[in-house]
Every structure is written in C-alpha cells, then in structure tokens.
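Enquirer: sequence unknown, structure follows:
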C-alpha cells in the first residue's frame, strides 16, 4: 500500500543524487512506511529519539522505533524495535543508537543520506556523518496524492464531517466551548473507531471568534453567539479538516454579511479550482472576492493536507507553483472583526482533471 | 518562579564542567523557562525545529521558539521568536537557525554546550560544534521538586481527581470507552480552565482490562465490566496522574481479590514511603506484597512526574537510588489476568520528611 509513496521518495533521492532517505518526522515516517506514530501526548518518554524511516534508492525500506511505538507493525516491514520501555532500568538513548546501527548494517546504508533538517537528531552525527537536506523536495513530492492516500483522506474527511453535524446539535446556550469540543471529539472518535489527535479549534462569542490565535475555554455560550468550528482529526495517520461557522440563535446583520462573503468565496474556490492554475492566481481570486464585500483575512487561503495537517503547497500570495490533479487542498476564507465576531468556511478539495471534488460536508446557514 | 529550577540546571553544568545548557524537549524547556509548548498534535508544521531553552552557568536564560508557540510569553524572559507561520511563503528551517544564531550572539553562548541527546537537532551542528550529553544528570537534578513545582503538581493532581469522580458517574452500561473518556476529559479541562494534553487510558471489560497496551475503543460497557481508569492530564505544563479501578455493577469474586490486593499494596506504599529508603527496597516491598496474594504486574511500580509524565526515578527492581524528600512519585501496583480482567491503583505521592503526602484523591471500592 505504501509502495507508491516510497517511489516518490526515490524520485526525490534521484533528483538530489542521494542514496538513502532517513526520515524523522512522524508524518514522513507514516508516509514512507504506513506506520502511525502516536503524537497526542508529545514525544514519548519511552523513546531515545524520533522513530526513523529508511528508504533506499535501490528499493530497501526499514523502520526504527521503540517498543511502545511498535503496535500494529505490518509484517512486511523490516523493523528494528528497541526497548524504550522495560520492567527494569533502561537507557533509551543507547538502545536507540544501537537500533539505528543495526538497521544501517541490515540494509547496508551508506553514501549520501538525505534527511529532514527540522527533526534529524544530532545523536546520529557519528553514524551518518554525511547528510543533505531533503525537506523542500520531499514536501513537493508529497503534494500530489496517490489513490490509496485519497481513500485515507476521504475517511478522515468523513470523520470531520460527522464532527460538524455534532457541532450543530451540541452548540447550546450555557454549554462551554470545552464541553462542546469534547462532545464533538467523542462523536468523531466513535466514528473513526479510535482515538484521534485533534487540531483546529472551537470558539464561541463575538470576542473569541474575532481574535485569531485563541483557544477553547470555559466560557459558556450565550444566545446569539457566533461559533467558529474548525475540526481536524487524524484518522489512521491521515488528517481530515473542515471549518464551519454559525450562530446559536439569530445572527446579527453584520455577522451574516461576513458569513455570506466567506461562504460565497469558498463556493468560488470550488468552481475555480482546476489543474494548471497557479496557486497565486487562485489565492488572489479568493482575496479579491472577499475584498469586494469589504472583508479580508490575515492568514493563508489554504494548504495541502495528508499525513501532516498542513502540507505544501500553502495557498499564499507569492506561491508560483501550479495546481495539479490529485492535490488535496484545504481552502479557508474567513473574516474577523472586533465587535462583530469571526467567520471561516473551509472544505477539503481534491483537484480533479477538470475541477474540484468536495471531500468534506457541512450544512451552510 | 523558575529561578529555583534554573539553579538546578546550573548545578548540572558545574558537575559536567559545561558552560551552557541548550534544552530541546518540551518538558525541559518548560522546566527551564516556564514556557508551555503545545504538544497535543505533535510537532507544529509551523516550526523549523524544537523550541530551545538556553541556560548559562553564569546566569543568562533565553528561549527560541516559533511565533505559533509564543503565546503567553513571560515579559521577563529573553526570547528570540521567529516566523514559523506567516501570511506568505516562509522557510521555517532557515528562520529557526537564524533565531538560534541571534540568541547565541545575544547571550554570548560558547564553550562546552550540554544538550539532550534524544532531541537535539542536527540542523545546529555547525552553530554548536562541541556538545556533550546531559540527559541523565538533568533527569536526576529534576527529581526533587521545588515548592513552586509542588504547587503546580498539586493543581494538576486536583484535575486528575476531578476526572476520577466523573469517571464513576459516566461509566454506565451501553456507553463506549471513547465516549466516557471524552466526558471525563471535558470535566478535567473545564476544571483546569484550558485544554489539556491527556495521557493514560480508560479501558472497560474483562478482555480489555486484562491486556496491557490496548487503547480505548468503541465497544460499549456491559453490566459487570471491570474498568481501569488511568488519567494523566497536563495542566499549565505540569502533569497530574492517577488510576482507579472499579466495576459497573457487581464485581466477580476473582476480580475483587485482585482489586483488594492492588489497593492494599498502594496503601502499603503510602505507609512505607520515606526519605532514605532505596527505590529497589521500596519496589521489592510492593511486589512482595502482591505476590503474597498470588498476583504480580509486568511493569514498573511507579515513576517520577513533573513537566514530563514519566520522569526519573523509575521504581524498578534494580534502581539503587535513594528516595528523597520532595520527590513526587507515582505508585501504581496492578494485576492482569485473562478471563478475570485487570486492576491498577495509582496515587501521586509527595515524599515528606517522614512519610508520604497523598496528592490525588479517588473513592476506593
């Protein structure tokens, strides 16, 4: 199932004239091997370094991970599992390095090694003295999704959509943001059949929705509150994402105008998206549409999604890359005004040969 | 507030004859600076490397983090905040390295640099050519908690205790593990006043509680099910932890015997704990007590807790270290038997001058 993705990594190795990729972010490890590394409580204290995926230009693939990360290992994957947890004293860092050494001998890893510079651990300096960065080239190689990835993203999208339905029914006067969000999370995890890492936010009230960068809190919903419900669950390693905005009770006229503008701009995105368009032209069309209504947003117009919740390409003013078939892009126009509140409308869109396939669902007001 | 902790880091630098500590785990960054780095969705895609705390042997302290990690920065902290998120194209890795360089110039960082080997990024190799590991020495220096840490741990413990009360009332026939756990999470986060990273687990049923290493799922609770409820929320950077076991309806006689043994062993731990005892003697006393009843557990008897949910010392058979006043230790005897189910009873204990102060609360059956 991951062979298609491994081939894309090998294309990057050829481009960079490197012999091996050693990948150290949890999303790249999942991309290369299918192995989902738990992330929900941060790096495990029972590891000696990040789990690593090895991908050789000639075909070999291997995984190094701690025994606490080794659940559900595919039998077809060559793995070196080290003791991160044990019933007695254990030195995770020593065990980690030894496992990396075993893997390097087992696969005969050498030559030029391409790594992710943001996460490759210095503890491996002596084991891999020569390495080059592959971050940007790998980001680009991952942007067009394979058919198995699109299936995984569709499942994650359906979990986000179930969350949006729950958000409507759970958003009531006198319930707190934290309470609603955990209720939504229960519905999404029950649908996913597993616990999910969850990015995004649930914000209610004029002040909270108008301010970017705030977090769900204990404040209870009041009649008339606007709500921004941005739900990004990770399901079996792939992320879904969507954002709806609505009000509990009747909206103000000013909020309604903002909402209509964001919704119409998302509709414009769906009708505009197609292969061959530049990202910057797409971004400009969305921003211009909102500006016509007197609104703007201080963030990106969207981003790619896959084993990471934010992937290249980001939909921003200066990105000159072309939109390609089977990219999966989030598009999320919004507006935020003190005294009125905030809105954001976001769908997950697969680029088809001729347009857009909307992967998420929610009820517009 | 963090000066007491910084002094302990400086003691480690003296011991190692190092000039600077550059810390790269989120828990060590919190320990050194008080800054809580979000961990709940894994490493942020808007960073170019882990947030770093700089602590100089001569007194200087600094923080490098991305603008998405910079919320609630203390004004007294010297920080270099780089653009990880921006409205247009941004190179996080370049910006990260530049921020580290600025910090090194600002604080005049040089000489021997002590780092955490499991997380120090290789992207800094050229900026910090000479570094030594400080993992084990730092772990030991953090084991005895300062008074401000004990206060923070007490708050986190009270959140875990609120979760245990909720667990009793939410555990009902026909509700799933995932639904109960999210209900508990809502209560804990509402009490904490913020979203909390959550470690631990909620497991119901004979098969699920008897098997270690399983995850909460969609199965619905049946009459008579045993439950293991292990709740570890992170509140303002410090973790609480506790585990209770109970049944929904009447327990089987066999389960009840296991439960009594684990509860009595935890009671023994509370009456036995004191400064000067070796960890291995403490561990042996607990295991022996359970073995007298015919039970055993294949995991540690407990562990330290602080800005990481598992800290040194681990309470394991060969750990020769002495228990010291103001260590905060988790103690968690349990038993797991196919066909009968599992139990685990865990409290958070502060070592006092003469015994144990129980920081968590729950109702024993």
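Expert: In hand now; what should we look at? Nothing here was measured: the structure is a model prediction, and the numbers come from that model.

Enquirer: Now do the contacts for the closest residue to residue A:239 other than its chain neighbours.
Expert: Using CB to CB, 6 or more residues apart in numbering or on different chains and skipping the chain neighbours, the partner closest in space to residue A:239 is residue A:309 (4.4 Å). The C-beta positions use only the backbone N, C-alpha and C, and glycine is treated the same way. Residue A:309 makes contact with A:199, A:232, A:234, A:239, A:241, B:41, B:45, according to CB atoms under 8 Å, 6 or more residues apart in numbering or on different chains.

Enquirer: Is residue A:195 in contact with residue A:189, as I believe?
Expert: Yes. Contact criterion CB atoms under 8 Å: residue A:195 and residue A:189 qualify, at 5.5 Å.

Enquirer: and the stretch 51-200 of chain A, which residues reach chain B?
Expert: A:71, A:87-89, A:92-93, A:96, A:115, A:117-125, A:131, A:133, A:135, A:176, A:178-179, A:181-183, A:185-186, A:189-190, A:193-195, A:197-199 (CB under 8 Å from any CB of the partner chain).

Enquirer: Out of the residues you listed, name the ones that lie in strands.
Expert: Counting by DSSP state E, the part of those found in strands is A:115, A:131, A:133, A:198-199.

Enquirer: Quick check: the farthest pair among the residues you listed?
Expert: Greatest spacing in these, by CB to CB: A:131 and A:198 (33.6 Å).

Enquirer: the more surrounded of these two?
Expert: In this view residue A:131 and residue A:198 are compared by other CB atoms under 10 Å in any protein chain shown, and residue A:198 has more residues nearby, 24 against 20.

Enquirer: Now do residue A:136: how many residues are near it, please.
Expert: 13.

Enquirer: Contacts only, for it.
Expert: Residue A:136 neighbours (CB under 8 Å, 6+ apart): residue A:312.

Enquirer: distance of it from residue B:121?
Expert: 17 Å (CB to CB, to the nearest Å).

Enquirer: and the residue positioned nearest the centre of chain A, backbone torsions?
Expert: For chain A, residue A:309 is the residue whose C-alpha lies nearest the centre (CA atoms, centre = their mean; 0.9 Å). Per-residue torsions, residue A:309: phi -70, psi -20 (degrees, to the nearest 10).

Enquirer: ok, it to residue A:253 distance?
Expert: For residue A:309 relative to residue A:253 (CB to CB), the value is 34 Å.

Enquirer: which element is the closest residue to residue A:350 other than its chain neighbours on?
Expert: The shortest distance from residue A:350 to any non-neighbouring residue, by CB to CB, 6+ apart, is to residue A:357 (4.2 Å). Element membership for residue A:357 (DSSP states H and E) is strand A:356-358.

Enquirer: Kindly report the same for residue A:168.
Expert: Secondary structure (DSSP H and E) places residue A:168 in helix A:147-170.

Enquirer: ok, back up a step: report the buried residues of the strand holding residue A:357.
Expert: For strand A:356-358, the neighbour count (16 or more other CB atoms under 10 Å in any protein chain shown) marks A:356, A:358 as buried.

Enquirer: Same check on stretch A:348-359?
Expert: Result for stretch A:348-359 [16+ other CB under 10 Å]: buried residues A:348-351, A:356, A:358-359.

Enquirer: Out of these, which is nearest to chain B?
Expert: Closest to chain B out of those is residue A:348 (16.3 Å), distances taken as CB to the nearest CB.

Enquirer: Quick check: beta-bridge partners of that closest one?
Expert: For residue A:348, the beta-bridge partners are residue A:330 (DSSP bridges).

Enquirer: Next, the contact list for it, please.
Expert: When contacts are counted by CB under 8 Å, 6+ apart, residue A:348 is found next to A:153, A:157, A:160, A:240-242, A:305, A:328-330, A:358-360.

Enquirer: For residue A:336, give me its contacts.
Expert: Per CB under 8 Å, 6+ apart, neighbours of residue A:336: A:209-212, A:297-298, A:342-343.

Enquirer: One more pass at 7 Å, please.
Expert: Shown in contact with residue A:336 (CB atoms under 7 Å, 6 or more residues apart in numbering or on different chains): A:210, A:212, A:342.

Enquirer: So the closest residue to residue A:132 other than its chain neighbours versus chain B, what's the distance?
Expert: Counting by CB to CB, 6+ apart, the nearest residue to residue A:132 once its immediate chain neighbours are dropped is residue A:114, at 5.5 Å. Distance, residue A:114 to chain B, by CB to the nearest CB, to the nearest Å: 13 Å.

Enquirer: right, and residue A:114 touches residue A:137 too?
Expert: No. Using CB atoms under 7 Å, residue A:114 makes no contact with residue A:137, being 8.1 Å away.

Enquirer: Identify the contacts common to these two.
Expert: What both residue A:114 and residue A:137 touch, as defined by CB under 7 Å, 6+ apart, is the set residue A:16.

Enquirer: before we move on, back to that, show me the contacts for the residue nearest to residue A:132.
Expert: Per CB under 7 Å, 6+ apart, neighbours of residue A:114: A:13, A:16, A:18, A:20-21, A:131-132, A:134.

Enquirer: partner residues bridging it?
Expert: residue A:21, residue A:132.

Enquirer: Just the pLDDT at residue A:152, thanks.
Expert: With respect to pLDDT, residue A:152 scores 98.
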